[in-house]
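Student: Build me a model from this:
(chains A and B)
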Amino acid sequence: MIDVTLLQSEVTVGETLSGRMTWTASSQKQPKEIKISMGWRTEGRGEVDRQTVEEIRLGEDRFSANGAVYSDFNFPIPRSGPVSYDGSLIRIIWEVRIVVDMPGFFSRDDKETYGFRVLPQPILSDRSRSDGY
Amino acid sequence: MGTDPYWAIGLSRNPFIAESLPEVPAALWIDRGFSAAPLVQTQRLVQILGEKGAGKTSHLKHWQQQAPGPYCYYPDGMARWKLPPVAAIAYWDEANRIPLPLLLQRFWQARQQQATIVAGTHADLSRWARLMGLTVQTIFLPALDVDALMAWAHLRIGAVRRSDLNPPQLVLSREQAAKIVAIAGSSWREAAVHLHIWAANAANAQRQMDSAGF
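Tutor: Next up, the predicted model:
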């Protein structure tokens, strides 16, 4: 079973998304690898575009005998974005995606995604600028 | 996912996103009178005629799931100079783009092999098919109507509802459906765009209300 806790549900471009992933075994099988990735994708009336921005891979050396794995992650959000967007025709969705690669040809990988929002940089007011901030 | 506007109306996503594959899942198929696949090995051209977005490719793909056979799409331009496949049943999409020499040769071969050719086309190919000795069946896809659109929208919305306990807060009214049919004409694709906009506006409006504490 996969569980992810994100420290932020919203993060500004240039900042870091932090969280913890926990995986517990539901069977005797140990995974070959757990991949934690962060990226964005489009969804709506058009071709899908997607990009993985950051990725962590946990190998077999990380898996304990009791079948539990956890990993903290800190993923920087690019200053160039893109920012999250919910439009009439298209959305830009940011997600943390967990894929647990299980061994065996007939085994199904465990997968979960956790959404969060990426916000633009706040615009400084003229008054703030004149105050030297 | 508390920040997702579609969660606010009981959905996991917009029901009308464009899918990456042209096939319509069986659970979301709307019968318009031509759901059964043509028979194989009939020495026949089955041509399905309709405007852009009317559902020709959807029908070809739906039939292919029932009666497997090679499928070939014809783009515009030089890439259309390729021989279409001939088999017990074969599916040609945008068949009106097939250059005439290739079309005639393949119709002739289909007759030799007693094949069934299923063609999605904007133009009537019956003259050429009969010339090469095939019988012809022509299907004209019916125009988009309000009842069909409402049934389809209901299926699509149901497919993305988050919970069986609470009904989605997105229901297409007959009045709204009629407006979309009037704009979209015979194009299901155009209707889907307008439905996507309608669902997105409803989701964003609900999220704003929730944020304002209503």
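Student: Spit out the contact partners of residue A:108.
Tutor: For residue A:108, the contact set (Cβ atoms under 8 Å, 6 or more residues apart in numbering or on different chains) comprises residue A:102. C-beta coordinates here come from the backbone N, C-alpha and C atoms, glycine included.
Student: what secondary structure does it sit in?
Tutor: State at residue A:108, reduced to three classes by DSSP: H, G, I helix; E, B strand; the rest coil: coil.
Student: Please report the distance of it from residue A:99.
Tutor: Per Cβ to Cβ, to the nearest Å, residue A:108 is found 11 Å from residue A:99.
Student: At the contact with chain B, which residues of chain A appear?
Tutor: A:9-10, A:43-48, A:84, A:86-89, A:91, A:114-117 (Cβ under 8 Å from any Cβ of the partner chain).
Student: Let's see that with 7 Å instead.
Tutor: Listed as neighbours of chain B in chain A under the rule Cβ under 7 Å from any Cβ of the partner chain: A:9-10, A:43-46, A:48, A:86-89, A:115, A:117.
Student: Drop anything exposed from those residues.
Tutor: Among the residues of chain A next to chain B, those buried by neighbour count (16 or more other Cβ atoms under 10 Å in any protein chain shown) are A:43, A:44, A:45, A:86, A:88, A:115, A:117.
Student: Chain neighbours aside, what residue packs nearest to the second one?
Tutor: In space, and not counting its chain neighbours, residue A:44 is closest to residue A:90: 3.7 Å by Cβ to Cβ, 6 or more residues apart in numbering or on different chains.
Student: Which of the three states applies to residue A:11?
Tutor: Residue A:11 is classified as strand under three-state DSSP.
Student: What's the local residue count around it?
Tutor: Residues within reach of residue A:11, counting by other Cβ atoms under 10 Å in any protein chain shown, total 21.
Student: for residue B:118, same thing?
Tutor: Residue B:118, neighbours per other Cβ under 10 Å, totals 27.
Student: Could you pull up phi and psi at it?
Tutor: Main-chain torsions, residue B:118, degrees, to the nearest 10: phi -110, psi 120.
Student: Tell me what it is bridged to.
Tutor: On the basis of DSSP bridges, residue B:118 is bridged to residue B:46, residue B:91.
Student: Next, work out how far apart it and residue A:93 are.
Tutor: Distance of residue B:118 to residue A:93, given as Cβ to Cβ: 37 Å.
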